[in-house]
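> Task: produce atomic coordinates for the following.
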Amino acid sequence: MTKGRVRVVRGTDRYITVAVDECDNWSVKGVMFHCDDSQGIQYGSMLEMILNMDRIFDSMSCPKQTFQMRHFPGTNPPDFVTRTSKEKERKGKRSTFRIYVQYRYHASWQGLIHWEDGDRQESFESMLQLILLMNKMLRGDFLMGQEGEPLNSFHVAIDTYESGRIMGNYQNIPADLTERHDVLADLAGTLGSFMDIRASKEKISKYGVKYGRLISNEACSMCRRGGQTATFSIKVMFREHSTWQGIIYWREGRVEQPFRSYKEMLYLMVSAIGMPQVSSGNMVEEMPKIALGS
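Residues are numbered from 1 along each chain as shown. As a prediction, this is how the structure comes out:
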C-alpha cells in the first residue's frame, strides 16, 4: 500500500516577513523569513526578494500561479541561487514589512503589506503596486498621485547586472527624461519608479514626436546606444489590474515579446540578461521594431 504525503497549506504560509537592513541608491538589502522555516533567505535587491518569494509559493503550490511566466524565445526562465541565512526571524535594522500574498492572478500578486515601523497597512493589486508602496514607506513619501500624462515608451540600457541590481540608464525620449545609474541600483525599484512618472503634454510633445511611429535617429542618439549587457525598448499599451501590459523588444536578441504585467516584464528582462551577449554596447544600427511613441 502506497501512502501519499499531502502538505496542508495554512493561511500563515502566505505571510513573509521582510527585514530591510540597508536602503541606499534605491537598493534594499536584508533577510526574509517565511513561516516556520528554520533558515532565512538573504536578498540584495527587490527583484531577488521577488524571485525568492515566487520560489517559495511555487514550492507550496499556493497561492496558485494562474499564468506561467514568459521568457524570450531561445532563453531560459530566470535562474538564481538562493542565499540562505542561519538567522531566526527578526526585525530589520532599517525597516520591517509583513507581506501577505493572497492571490497570484494576472501574472502578478495581490495581497496586503503591513509596515511595522510606521504601523501602516495597505492592500496591493499587483507586484508593481507593492514595489511602489515599499519605496514610499522606506522613504516616507506618501504624496498624492502625480498629475500629467502617463509615459508609454521607454529605453533601457543595462551595462552591469548583479542579483537584481544594475548600472545603466533609462530614458523616455518624447518627455526628454533620462535617469543614469553609475553605481549598482535596484532594477525593480528604480525602473518601476521611472516608468511611473507622469509628464505634461507640453513636455511630451517638445520634440514633435508623433504618436504611433518609431522615434527618429535625430530625436535621440542615446536611444541607439546599447547597454554593455542588454538593451530593451518597452511600450506600455494598457494599464489594467494596477499594472502594465505591453511589448518589450530585446535589442541584442532581435526579438520582441508581449508582457501581461510589470512582474512578467522583469522576468523577461532577466531571462535575456542571463544569455551570452549578441552584440556589444556600441552604436547599433538596427532600431527597435516596436513603436515607441506614446
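> Name the residue closest to the centre of the chain, please.
By C-alpha atoms, centre = their mean, the chain has its centre lying nearest to Ala188, at 3.3 Å.
> Could you measure from that residue over to Leu268?
For Ala188, the distance to Leu268 equals 13 Å [C-beta to C-beta, to the nearest Å]. No exception for glycine: its C-beta is placed from N, CA and C like everyone else's.
> just Gln68 next, same as before
Distance from Gln68 to Leu268, by C-beta to C-beta: 13 Å.
> More neighbours: which of the two?
Between Gln68 and Leu268, counted using other C-beta atoms under 10 Å, Leu268 has the larger neighbour count: 25 against 9.
> What are the boundaries of the strands in the stretch 151-294 of the chain?
With DSSP state E, counting those that start in this stretch as the criterion, the stretch 151-294 of the chain has strands at 153-162, 165-172, 177-186, 198-199, 230-240, 243-250, 255-259.
> Go through those and find the least confident stretch.
When the strands of the stretch 151-294 of the chain are compared by mean pLDDT, strand 198-199 comes last with a mean of 82.
> Just give the nearest non-adjacent residue to Ile98, would you?
If you look again at residue 98, you'll see it is Arg, not Ile. Using C-beta to C-beta, 6 or more residues apart in numbering and skipping the chain neighbours, the partner closest in space to Arg98 is His114 (4.3 Å).
> Let me know how buried the one you found is, in neighbour terms.
Neighbours of His114 under the rule other C-beta under 10 Å: 16.
> Using the three-state scheme, assign it.
Following DSSP: H, G, I helix; E, B strand; the rest coil, we place His114 in the strand state.
> any idea how far Thr17 is from it?
Here His114 is placed at a distance of 10 Å from Thr17 (C-beta to C-beta).
> which neighbours do these two share?
Common neighbours of His114 and Thr17, using C-beta atoms under 8 Å, 6 or more residues apart in numbering, are 97-99.
> out of these, who has the most neighbours?
Highest neighbour count within the shared contacts of His114 and Thr17, by other C-beta under 10 Å: Phe97, with 23 neighbours.
> dump the residue contacts of it.
Applying C-beta under 8 Å, 6+ apart, we find Phe97 in contact with 17-18, 20, 113-116, 134, 137.
> If burial is judged by neighbour count, which of the residues you listed pass?
Neighbour-count burial (16 or more other C-beta atoms under 10 Å) applied to the contacts of Phe97 gives 17-18, 20, 113-115, 134, 137.
> and which of the residues you listed is nearest Phe124?
When the buried ones among the contacts of Phe97 are compared for distance to Phe124 (C-beta to C-beta), Ile113 wins out at 6.1 Å.
> Make a markdown table from the contacts of Phe97 and add distance to Ser242 and pLDDT to it.
As requested, the contacts of Phe97 are exported to a markdown table (distance: C-beta to C-beta, whole Å; pLDDT from 0 to 100):
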| residue | distance to Ser242 | pLDDT |
| --- | --- | --- |
| Thr17 | 24 | 96 |
| Val18 | 20 | 97 |
| Val20 | 23 | 97 |
| Ile113 | 13 | 97 |
| His114 | 19 | 96 |
| Trp115 | 19 | 95 |
| Glu116 | 24 | 93 |
| Met134 | 15 | 92 |
| Met137 | 17 | 90 |
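> Nearest to Asp79 among the residues you listed?
Nearest to Asp79 among the contacts of Phe97 is Val18, at 22.4 Å by C-beta to C-beta.
> Got phi/psi on the closest one?
Main-chain dihedrals, Val18, degrees, to the nearest 10: phi -110, psi 110.
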